[in-house]
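>>> no FASTA, just this:
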């Protein structure tokens, strides 16, 4: 694990910029190319936006914890909240042929990360684990 980093912020849209900055900076430390780093940054931003919207229903008093870690072969981001429990079996983006704003974030997240999982063992809230293979 290379320099694991933990960031805890309020579940408020104003803090999404901080999460984007931390994600980009951690990608830079891990020597991830700029194009992939930008995609990872946007996917993490989308996941955290979904936490605010769906887990906390816009209540900004909660928090989001983002944990970054990497090896030479794997980049991992864990996003945790204590909001309403997600039902992963119901999480799907809208039909790609339905052209309108919103609803495509999960498609984007799954396109960028090789593995998108919810830890069912977390008793309160959610833990989303995003992993991307590196160096292949």
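Received the coordinates, thanks. Bear in mind that the values here come from a model prediction, so they are computed numbers and not experimental data. Residues are numbered from 1 along each chain as shown.
>>> which residue ranges of the chain form helices?
Taking DSSP state H as the criterion, the chain carries its helices at 16-29, 34-50, 105-112.
>>> against which helices or strands is the shortest one packed?
Counting contacts by 3 or more Cβ pairs under 8 Å, 6 or more residues apart in numbering; DSSP states H and E, helix 105-112 is packed against helix 34-50. To be clear about C-beta, it is placed using only N, CA and C from the backbone, and glycine gets the same treatment.
>>> any idea how far residue 106 lies from residue 9?
According to Cβ to Cβ, to the nearest Å, residue 106 and residue 9 sit 22 Å apart.
>>> just the buried residues of the helix or strand of the chain with the lowest mean pLDDT, please?
The helix or strand of the chain with the poorest confidence is helix 105-112; it has a mean of 86 (mean pLDDT, DSSP states H and E). Judged by neighbour count using 16 or more other Cβ atoms under 10 Å, the buried positions of helix 105-112 are 105-106, 108-110, 112.
>>> for residue 25, state which of the residues you listed is nearest.
residue 112 (17.6 Å; Cβ to Cβ).
>>> show me the contacts for that closest one.
39-40, 42-43, 132 (Cβ atoms under 8 Å, 6 or more residues apart in numbering).
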